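Enquirer: The sequence isn't on hand, but the structure is:
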């Protein structure tokens with residue numbers, strides 16, 4: 001984990017508690033303080049995290065009393081909730097796509113609100129995602145240099161159950177105001193599909209086989225993080241396929257915010273056997289028949305075509321151990 005992961009979690013928790021003073025607070029977060037407190041190197045990182053958190057608070061909320069390292073540890077450790085099917089709790093991935101963040105590619109800050117195991121609110125902040133329709137160049141390394149200097153770079157998405165999905169500039173105050181919908185009008189030959197940037201994260205060969213079977217001709221867009229869900233919600237692409245190694249367990253913070261962003265925009269999201277994603281079982285999705293279920297997110301017509309294609313492909317093609325391929 002990076003200083004940014006820990007710092008972002010502390011800042012989001014600080015902001016949520018400030019926004020809802022006195023309210024019961026529970027959060028399923030990716031980070032905890034164990035590594036920060038277990039070694040001299042971790043303690044050095046904790047000092048850096050505290051410095052940058054205080055620097056950010058001083059710039060955004062002048063007059064705020066500086067936080068101590070103990071304060072920052074407490075904020076980070078609010079994320080240790082187990083989640084589950086009862087009550088309201090936040091789900092946070094403070095830097096989704098850490099490899100993308102380090103590689104100066106795409107990454108996102110992702111926050112969802114669950115009510116009795118159902119995602120009811122979601123927000124994505126993608127600093128390197130442009131406000132125009134993305135292409136291969138927007139997926140490559142070196143994008144983070146554009147975020148604060150290039151007009152139109154930095155996108156935010158927000159959704160509430162039953163009320164739609166909205167997008168807008170990330171670096172402006174206020175909620176996004178432009179309603180967006182997925183694009184289910186394209187024939188397969190003109191549709192784009194997205195997949196993980198890292199080849200160890202998903203079976204790219206299987207994605208290519210599925211794409212070919214349903215008639216997709218354009219190459220995939222390879223993006224890190226839930227920025228993919230934002231791109232799908234506003235029609236940049238029609239499909240996101242994720243086929244992780246069978247031993248991998250999907251975490252709810254990797255999909256909670258993105259799931260409601262795309263469903264409120266009209267898209268579908270399931271595991272690879274067509275089951276709805278179950279956010280009510282704790283910090284991880286339950287295994288599916290002894291294996292991880294993966295994720296298929298797509299416009300309605302494309303989702304149906306993908307499920308049909310998967311049912312027709314041989315099982316040996318679906319085997320994947322995460323090795324380079």
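Expert: Alright, I've got the coordinates. Keep in mind that what you see is a predicted model, and the values were worked out from it rather than measured.
Enquirer: wait, residue 236 sits on residue 130?
Expert: No: when contacts are counted by Cβ atoms under 8 Å, residue 236 is not listed as touching residue 130 (9.7 Å). All C-beta spots, glycine's among them, are computed from the backbone N, C-alpha and C.
Enquirer: neighbour count winner among the two?
Expert: Per other Cβ atoms under 10 Å, whichever of residue 236 and residue 130 has more neighbours is residue 236, with 24 against 21.
Enquirer: and the more buried one, how far is that from residue 48?
Expert: Using Cβ to Cβ, to the nearest Å, one gets 35 Å for the distance from residue 236 to residue 48.
Enquirer: List the buried residues for stretch 118-136?
Expert: 119-131, 134 (16 or more other Cβ atoms under 10 Å).
Enquirer: Surely residue 176 is in contact with residue 164?
Expert: No: if you go by Cβ under 8 Å, residue 176 and residue 164 don't touch, sitting 10.8 Å apart.
Enquirer: which one of those two has more residues nearby?
Expert: Ranked by neighbour count (other Cβ under 10 Å), residue 176 and residue 164 place residue 176 first, with 20 against 14.
Enquirer: Apart from its neighbours in sequence, what residue is nearest that one?
Expert: residue 168 (3.1 Å; Cβ to Cβ, 6 or more residues apart in numbering).
Enquirer: Could you pull up the residues touching that neighbour?
Expert: 155, 156, 174, 175, 176, 177, 178 (Cβ atoms under 8 Å, 6 or more residues apart in numbering).
Enquirer: Give me the pLDDT value at the second one.
Expert: Right, the one you point to is residue 156. On pLDDT, residue 156 comes in at 97.
Enquirer: cool, and the fifth one?
Expert: Note on residue 176: pLDDT of 96.
Enquirer: what about it, which helix or strand?
Expert: Secondary structure from DSSP states H and E places residue 176 outside every helix and strand.
Enquirer: And the strands in this structure?
Expert: 27-29, 88-96, 108-115, 118-130, 153-160, 164-169, 178-180, 193-196, 221-223, 239-242, 268-270, 295-298 (DSSP state E).
Enquirer: Can you lay out those as a markdown table showing distance to residue 8?
Expert: Below are the strands of the chain laid out as a markdown table (distance: least, Cβ to Cβ, whole Å):
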| stretch | distance to residue 8 |
| --- | --- |
| strand 27-29 | 10 |
| strand 88-96 | 4 |
| strand 108-115 | 6 |
| strand 118-130 | 10 |
| strand 153-160 | 15 |
| strand 164-169 | 19 |
| strand 178-180 | 25 |
| strand 193-196 | 21 |
| strand 221-223 | 19 |
| strand 239-242 | 23 |
| strand 268-270 | 24 |
| strand 295-298 | 23 |
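Enquirer: Mind checking these for the one nearest to residue 80?
Expert: Closest of these to residue 80 is strand 27-29, at 7.4 Å (criterion: Cβ to Cβ).
Enquirer: Please list all residues in contact with residue 215.
Expert: Counting by Cβ under 8 Å, 6+ apart, residue 215 has contacts 187, 188, 189.
Enquirer: top of these by neighbour count?
Expert: Neighbour max across these (other Cβ under 10 Å) = residue 188, 19 neighbours.
Enquirer: you'd agree that residue is up against residue 212?
Expert: No: assessed by Cβ under 8 Å, residue 188 is found out of contact with residue 212, at 9.9 Å.
Enquirer: what about the residue nearest to residue 210 when sequence neighbours are not counted, how many neighbours?
Expert: Closest residue in space to residue 210, ignoring its immediate chain neighbours: residue 309 at 4.8 Å, by Cβ to Cβ, 6+ apart. Counted with other Cβ under 10 Å, the neighbours of residue 309 add up to 16.
Enquirer: ok, now residue 318?
Expert: Residue 318, neighbours per other Cβ under 10 Å, totals 17.
Enquirer: so where's the stretch 201-325 of the chain shaky on pLDDT?
Expert: Along the stretch 201-325 of the chain, the parts satisfying pLDDT under 70 run over 288-292, 323-325.
Enquirer: again, only this time at 90
Expert: By pLDDT under 90, the weakly predicted segments of the stretch 201-325 of the chain are 201, 245-249, 286-293, 315-325.
Enquirer: mind listing the helices for this structure?
Expert: 3-19, 34-37, 40-60, 69-76, 98-102, 204-214, 227-233, 256-263, 300-312 (DSSP state H).
Enquirer: which residues are contacting the shortest one?
Expert: Judged by Cβ under 8 Å, 6+ apart, the contacts made with helix 34-37 from elsewhere in the structure are 1, 6, 42, 43, 45, 46, 49, 73, 76.
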